[in-house]
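**Student:** Predicted model, plus sequence, below.
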Amino acid sequence: MEKEEELKTEEIRDFGQFRMSHSRQEHSVYLLSIIGEIEGHECLASTAKTTKYEHVLPKLAEVEDDAGVDGVLVLLNTVGGDVESGLAIAEMIASLSKPTVSLVLGGSHSIGVPLAVSTDYSYIVPTGTMVIHPVRLSGTVIGAPQTYDYFKQMQDRIAGFIESHCAVSAQRIEEMMMNTSMLTKDLGTILVGHEAVAEGIINEVGGIAEAVKRLHFMINEDTTPRE
């Protein structure tokens, strides 16, 4: 038991992940927290809070193959980050055969939006925020038609993923991305709590109690959507 607790502490400290195996309903739930910035192929500063996709992807593969895991709870408080890596995590979560529920705490910005909607059911706390804005690239950008075509292709991929996993249309996502009336020095839209639900991006406003209860219900009733 002592060894088990040590391993759990290490998982939380190193990866923000652990298995909730002592639930009231005798289910084994895997907890995945996605916090800070999504780190991709380039390492961020050691002082930055990050979620490393090379840690998350193997763990999700293990969860899928683990008969002892009944469902997955995803906690999000992220500023976004690497688009390709964020989409890779979102696709992995969306393809899990086990019930999944997400909860947006604080914020789920930029590439955090596909991550929030990748689960079977999603929640956001009343003060939680979602920021939807155009794709950006860091470093030197060549001002050529091909560059803008690439930007558009990436945005279409993000909008298409969001549309296929919630009730908002890709057209509406693009409208919110290109909104010029909300941010003084930028394009985009900020949605808070109930606004994200009203737009059809998030299923419901709620907290950890509602998210855990919903996940246990889905495990009991086997209501996970199947293609």
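**Tutor:** Noted; the coordinates are in hand.
**Student:** all helices of the protein, in order?
**Tutor:** 2-15, 53-65, 83-94, 112-117, 145-165, 170-177, 194-198, 208-221 (DSSP state H).
**Student:** Please identify the deepest-packed of those helices.
**Tutor:** Ranked by mean neighbour count, the helices of the chain are led by helix 112-117 with a mean of 28 (mean count of other C-beta atoms under 10 Å). Any C-beta I mention is one placed from the backbone N, CA and C, and that applies to glycine too.
**Student:** Please export the C-alpha coordinates of it as PDB.
**Tutor:** Extracted in PDB, the C-alpha atoms of helix 112-117 (Å, rounded to 0.1, in the frame of the first residue of the first chain):
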ATOM      1  CA  GLY A 112      -7.300  23.600 -25.700                       C
ATOM      2  CA  VAL A 113     -10.700  24.000 -27.300                       C
ATOM      3  CA  PRO A 114     -10.300  20.700 -29.400                       C
ATOM      4  CA  LEU A 115      -9.000  19.000 -26.300                       C
ATOM      5  CA  ALA A 116     -12.000  20.100 -24.300                       C
ATOM      6  CA  VAL A 117     -14.500  18.700 -26.800                       C
END
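**Student:** any idea of the pLDDT on the nearest residue to residue 53 once chain neighbours are set aside?
**Tutor:** Excluding its sequence neighbours, the residue lying closest to residue 53 (C-beta to C-beta, 6 or more residues apart in numbering) is residue 85, at 3.9 Å. In this model, residue 85 is scored at 86, pLDDT.
**Student:** Which residues are in contact with the residue lying closest to residue 31 once chain neighbours are set aside?
**Tutor:** Spatial nearest neighbour of residue 31, excluding adjacent residues (C-beta to C-beta, 6+ apart): residue 73 at 5.2 Å. By C-beta atoms under 8 Å, 6 or more residues apart in numbering, the contact list for residue 73 reads 20, 29, 30, 31, 32, 100, 101, 102, 103, 211, 212, 215.
**Student:** Please verify my assumption that residue 51 contacts residue 79.
**Tutor:** No: with contact defined as C-beta atoms under 8 Å, residue 51 does not count as touching residue 79 (10.6 Å).
**Student:** about what we covered before: filter the contacts of residue 73 down to the ones in strands?
**Tutor:** Using DSSP state E, the subset of these located in strands is 20, 29, 30, 31, 32, 100, 101, 102, 103.
**Student:** Tell me the pLDDT of residue 179.
**Tutor:** Confidence at residue 179, expressed as pLDDT, is 83.
**Student:** Now do the residue most central in space within the chain against residue 156, distance only.
**Tutor:** The centroid of the chain falls nearest to residue 115 when counting by C-alpha atoms, centre = their mean (2.3 Å). Separation of residue 115 from residue 156 (C-beta to C-beta, to the nearest Å): 18 Å.
**Student:** I'm done for today, thanks for sticking with me.
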